[in-house]
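>>> Predicted model and sequence below, questions to follow.
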Amino acid sequence: MAAVISTDICIIGAGPVGLFAVFEAGLLKLRCHVVDALPQPGGQLSEIYPKKPIYDIPGYPEILAGDLVDNLMKQIAPFHPTFTLGERVERFAKLDDGSFQLYTTDGTEIQCRAVAIAGGLGSFEPRKPAVDSLERFEGGRGVHYMVRDPEHFRDKKIVIAGGGDSALDWTNFLANVASEVTLVHRGTTFRGAADSAEKVQKLHEAGKIKLVLSSNVTHLHGDDELLQQVTITGNNGQAETVPVDAFVPLFGLTPKLGPIGDWNLDLTDDAVLVNTEDYSTSLPGVYAIGDINTYPGKLKLILCGFHEAALMCQGAFKYIYPDKKYTLKYTTVNGAPSM
Ligand code: FAD
């Protein structure tokens, strides 16, 4: 039988917010065990956009998402967190003494004194466009719903479809990597950041990418199940078939809350309702931070999740030690942080 893991706070989700919560908990001498359904830490940053630059982390004018995850792992290392990766937390039970027992898909059992749900979007799947033969070219045969490593597209001809941040950001980035980038968008204006849309327009005017508006990719063609061409059809019915090595439809993710929805917590629109004083949920001892929670004015941004993690840990400390008084100290007071 697998050993039972015992800890102070079990953090569900190793995204940036779950990882930073380990740091904040460590400052309060609370031990953490982190569980994630994905095989690596980093959440959306590792899984969806590891090589995308992020510009709104305080103190970093620009940092690649993957580097931010590496830095967070370094920052929490002194607190010796433990991890269960590649397993999803399926259910949990609150015991009479106020502590919790959690169980994963693979039967790992975690006993803890407080639970922090940092489950982000939950288990997420890409939104797929209605295109003929899409499934035939999935699984490394030419259709990619995420850009895990831009190097995969070096010197290749790619067609990106979409009008949001992801499509714009990757068009801008891959313009310097791929041999040919075509961005196909069904409308004439973009949903993504105006600045990114402007960069795309400038690249198009400079002849570095091709921008095809009011159009959709409608058909995929290939031999031996390897993608070779796509047909782009304009809203006016005119169609053009062009050679490609890869088709990258970036229409966002469909959030699937997964088992978190069955844990009897107050939810709205598939997000966990929290009290912004300490990010506690409707079940005492259970907290929700990062993209998984909601409250008036919620912004799904990494820096907001970091703030939530700090307040959550103060709340968890009071829940675990109701009789202990905690005085806030700065990290520099006792030298470098350690457990
Ligand atoms: P996530 O990163 O989603 O991590 C949650 C983790 O929980 C996942 O790894 C998931 O597998 C795990 N999980 C869920 N349910 C379970 C379960 N039951 N058991 C075990 N594990 C579970 N934000 C910015 O601030 N700046 C940006 O520039 C920026 N750019 C972005 C670009 C793109 C393309 C996208 C998609 C998002 C961007 N964001 C950006 C948003 C940012 O990525 C999110 O706000 C951030 O990832 C939220 O972190 P999180 O830790 O709450 O959740």
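Cool, the structure landed.
>>> Okay, the residue nearest to the spatial centre of the chain and residue 16: tell me how far apart.
Compute the mean C-alpha point of the chain, and by CA atoms, centre = their mean the closest residue is residue 44, 1.9 Å away. Remark: distance between residue 44 and residue 16 (CB to CB, to the nearest Å) = 8 Å. In this view, the C-beta of every residue, glycine as well, is placed from N, C-alpha and C.
>>> and what of residue 202?
From residue 202 to residue 16 the distance is 31 Å (CB to CB).
>>> With residue 131 instead?
To residue 16, residue 131 is 33 Å away according to CB to CB.
>>> contacting residues around the residue of the stretch 151-300 of the chain at minimum distance from the ligand?
Minimum separation of the stretch 151-300 of the chain from the ligand (CB to the nearest ligand atom) falls at residue 290, amounting to 2.2 Å. Contacts for residue 290 (CB atoms under 8 Å, 6 or more residues apart in numbering) come out as 13, 15-18, 118-120, 305, 308-309.
>>> Mind doing that once more with 10 Å?
Contact analysis of residue 290 by CB atoms under 10 Å, 6 or more residues apart in numbering lists 13, 15-18, 20-21, 43-44, 116-121, 279, 300-302, 304-306, 308-309, 312.
>>> Go ahead and confirm residue 314 touches residue 307.
No. In this structure, residue 314 is not within contact of residue 307 by CB atoms under 10 Å, at 11.6 Å.
>>> Which neighbours do these two have in common?
Residues touching both residue 314 and residue 307 (CB under 10 Å, 6+ apart) are 24, 279.
>>> hey, what's the closest residue to residue 269 other than its chain neighbours bridged with?
Distances taken as CB to CB, 6 or more residues apart in numbering put residue 294 closest to residue 269, at 7.0 Å, once the chain neighbours are dropped. Beta-bridge pairing for residue 294 (DSSP bridges): residue 273.
>>> Pretty sure residue 294 sits against residue 270.
Yes. The pair residue 294 and residue 270 passes the contact test of CB under 10 Å, sitting 9.0 Å apart.
>>> measure the closest residue to residue 65 other than its chain neighbours to residue 305 for me?
Leaving aside its chain neighbours, residue 65 sits nearest to residue 45 (3.8 Å; criterion: CB to CB, 6+ apart). For residue 45, the distance to residue 305 (CB to CB) stands at 11 Å.
>>> neighbour count winner among these two?
Ranked by neighbour count (other CB atoms under 10 Å), residue 45 and residue 305 place residue 305 first, with 27 against 23.
>>> helix/strand/coil for the more buried one?
Assigned by DSSP: H, G, I helix; E, B strand; the rest coil, the conformation of residue 305 is helix.
>>> how many other residues sit next to the residue in the stretch 51-200 of the chain positioned nearest to the ligand?
Nearest residue of the stretch 51-200 of the chain to the ligand: residue 120, at 1.9 Å (CB to the nearest ligand atom). As a burial measure, residue 120 scores 27 neighbours (other CB under 10 Å).
>>> Between residue 202 and residue 16, which has more neighbouring residues?
Taking other CB under 10 Å, residue 202 and residue 16 do not tie; residue 16 has more neighbours (30 against 12).
>>> so the more buried one touches residue 34, yeah?
No. Look at residue 16 against residue 34 with CB under 10 Å: they stay out of range, at 11.9 Å.
>>> shared neighbours, these two?
Joint contacts of residue 16 and residue 34 (CB under 10 Å, 6+ apart) are 41, 118.
>>> In this protein, which residue sits furthest out from the middle?
The chain, CA atoms, centre = their mean, max distance from centroid: residue 238 (37.5 Å).
>>> Wait, it touches residue 216, no?
No. Under the criterion of CB under 10 Å, residue 238 makes no contact with residue 216, lying 11.9 Å away.
>>> What sits closest to residue 49 if chain neighbours are left out?
residue 65 (5.1 Å).
>>> Repeat that for residue 173.
Using CB to CB, 6+ apart, the closest residue to residue 173 is residue 150 (6.3 Å).
>>> How many residues are close by the one you found?
Residue 150: 16 surrounding residues under other CB under 10 Å.
>>> same check, this time on the one 10 residues further on
Residue 160 sits with 27 neighbouring residues when counted by other CB under 10 Å.
>>> Same question for residue 176.
11.
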